[in-house]
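Chemist: Sequence and computational prediction follow.
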Amino acid sequence: MEFLRPATWDEALAAKAEYPTALPISGGTDVMVEMNFDVHRPSAILDLNRITELTEWTNDGSVVRLGASVPYARIIDELSGPLPGLALAAHTVGSPQIRNRGGVGGNLGGASPAGDAHPALLAAGRDVFVEAASVRGTRMIPIDEFYVGVKRNSLAADELIRAVHIPVADGPQQFSKIGTRNAMVIAVCAFGFALHPKNGTVGTGIGSAAPTPRRAVEAEEYLQGVLAERGLWESGDLLGAEVIQKFGELVKAAASPIDDVRGTADYRRHSLAVMARRTLTWCWNDYSKQIRSAA
Amino acid sequence: MRVTFTANGKPVEADDVWEGESLLYVLRERVGLPGSKNACEQGECGSCTVYLDGVPVCSCLVAAGQVQDREVRTVEGLTDENGELGLVQQAFIDAGAVQCGFCTPGLLVQTDALLESDAQPSDNDIREALSGNLCRCTGYEKIMDAVRLASARKCAGKAESE
């Protein structure tokens, strides 16, 4: 096995081109588990810790460009304003020690359906892009096209994740996750929800209840329709139990979970409907308050 | 491969390190610092917690090659300048927070980090900060007592020195 330690991003891309089967490592919170248990023995390890730009983020007022290795602890501390959904999700990742090391790039690289960042990224809007780069150039991969199978993503063998581009929140966002305790939990299932009042859309993200993280597209369309038809974006009036119930049912229908050691498919469907109703209610209550206080 | 780094303020060097080896293994087996404990090897238990460049991390999840030229501080480095037990270490003993002792090194480092950032944490803050450190003996009550005691002593020490 080789241990590659590029000092710059260009060196990292050159190394990945030369060793396409090299496994990138940054926080190591996933990669080292596999290494310790000998689940996976790559031909080479590509350490990205020396590339400090990966731990930086910028915010131009409309989009946050989040470096792949910004640790979850800093997302919570520094980005809960512009990225509230992702910050809430980050808070449920592992433990303080894990959040000090792990970042969104690793979640995306691993592409586990249980990754905590995914539901929040999906819910954050259609304009979330993974910035993937290789010696051939840079690609902006829409988040909807990024996850292609269980622990598989759409990166080419010579590509590395440099950053994620996420729109700054223009409305309330929530994240909810089911597990046996508050820390060190791989999600039984998870749900991210966001209101996007500027363009009259809503975002959803389902975790751990399908082969890949996915949206509940019909639930989004249904809710957008109701909000537009009844003028609720303008009034901030109550949604009513029927709408909330129907939204929960549509989210549940969008999942295709399995029975496994963490929970049954039935339980996952049930809890997704509950989380969908709750996160919608929380977000809408916050939004209503904003509308009323502005009026 | 060879890995050189700083451990508890002293330069150390490890040879014949396997590329997939963890920092924890290097500390325990190659540079004579067995204080950090190896329990789960997957970041679940926190027994291997060390400071890496001042940030507490699970050393079992850091690849040895990643610490080249960096600073590591282990539980052995929590003693004061005279080699006497540090404030957090003494508080754990005084509060009876050590039973089998396997989780203790990780709890000490994580508590040290907590009190560095917040000398007077609430009980909820303590539970949150220690949520990645598992103890199977104490039921955590004595550990909570120890952190509160360390916090009180630290604040008293600060007040005295002011």
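Modeler: Right, received. Where do you want to start?

Chemist: Please name the spatially closest residue to the closest residue to chain B within the stretch 151-295 of chain A (chain neighbours excluded).
Modeler: For the stretch 151-295 of chain A, the residue closest to chain B is A:Ala183, as judged by Cβ to the nearest Cβ, at 3.5 Å. Where you see a C-beta, it was placed from the backbone N, CA and C, and this is true even at glycine. Distance criterion Cβ to Cβ, 6 or more residues apart in numbering or on different chains; nearest residue to A:Ala183, sequence neighbours excluded, is B:Ser131 at 3.5 Å.

Chemist: does that neighbour count as helix, strand or coil?
Modeler: With DSSP: H, G, I helix; E, B strand; the rest coil as the basis, B:Ser131 sits in coil.

Chemist: circling back: quick one: the residue of the stretch 151-295 of chain A closest to chain B from A:Trp9, how far?
Modeler: Distance from A:Ala183 to A:Trp9, counting by Cβ to Cβ, to the nearest Å: 33 Å.

Chemist: Comparing those two, which residue is more hemmed in?
Modeler: A:Ala183 (21 against 16; other Cβ atoms under 10 Å in any protein chain shown).

Chemist: residue contacts, the more buried one?
Modeler: A:94-95, B:131-132 (Cβ atoms under 8 Å, 6 or more residues apart in numbering or on different chains).

Chemist: Any idea which residue is closest to the centre of chain A?
Modeler: A:His118 (2.3 Å; Cα atoms, centre = their mean).

Chemist: Quick check: closest non-adjacent residue to the residue of the stretch 1-150 of chain A found nearest chain B.
Modeler: Nearest residue of the stretch 1-150 of chain A to chain B: A:Ser95, at 2.2 Å (Cβ to the nearest Cβ). Nearest non-adjacent residue to A:Ser95, counting by Cβ to Cβ, 6+ apart: B:Gly132, 2.2 Å away.

Chemist: Longest helix in the chain, please.
Modeler: I'll assume chain A. helix A:265-294 (DSSP state H).

Chemist: Let me rephrase: I mean chain B.
Modeler: helix B:141-161.

Chemist: The chain: strands as residue ranges?
Modeler: Using chain A. A:2-4, A:23-25, A:44-47, A:57-59, A:63-67, A:129-134, A:137-142, A:147-149, A:152-153, A:160-167, A:173-178, A:189-196, A:201-207 (DSSP state E).

Chemist: wrong one, I was asking about chain B
Modeler: Going by DSSP E, chain B shows strands at B:3-7, B:10-14, B:49-52, B:55-58, B:71-73.

Chemist: Pull out the buried residues from stretch A:257-268.
Modeler: Going by neighbour count (16 or more other Cβ atoms under 10 Å in any protein chain shown), the buried part of stretch A:257-268 is A:257, A:262-263, A:268.

Chemist: cool, stretch B:141-157 as well?
Modeler: B:142-151, B:153-154.

Chemist: likewise stretch A:272-282?
Modeler: A:272-273, A:275-281.

Chemist: What of stretch A:48-66?
Modeler: A:48-51, A:54-55, A:57, A:59, A:63-66.

Chemist: same deal with stretch B:119-129?
Modeler: For stretch B:119-129, by 16+ other Cβ under 10 Å, it's B:121, B:126-129.
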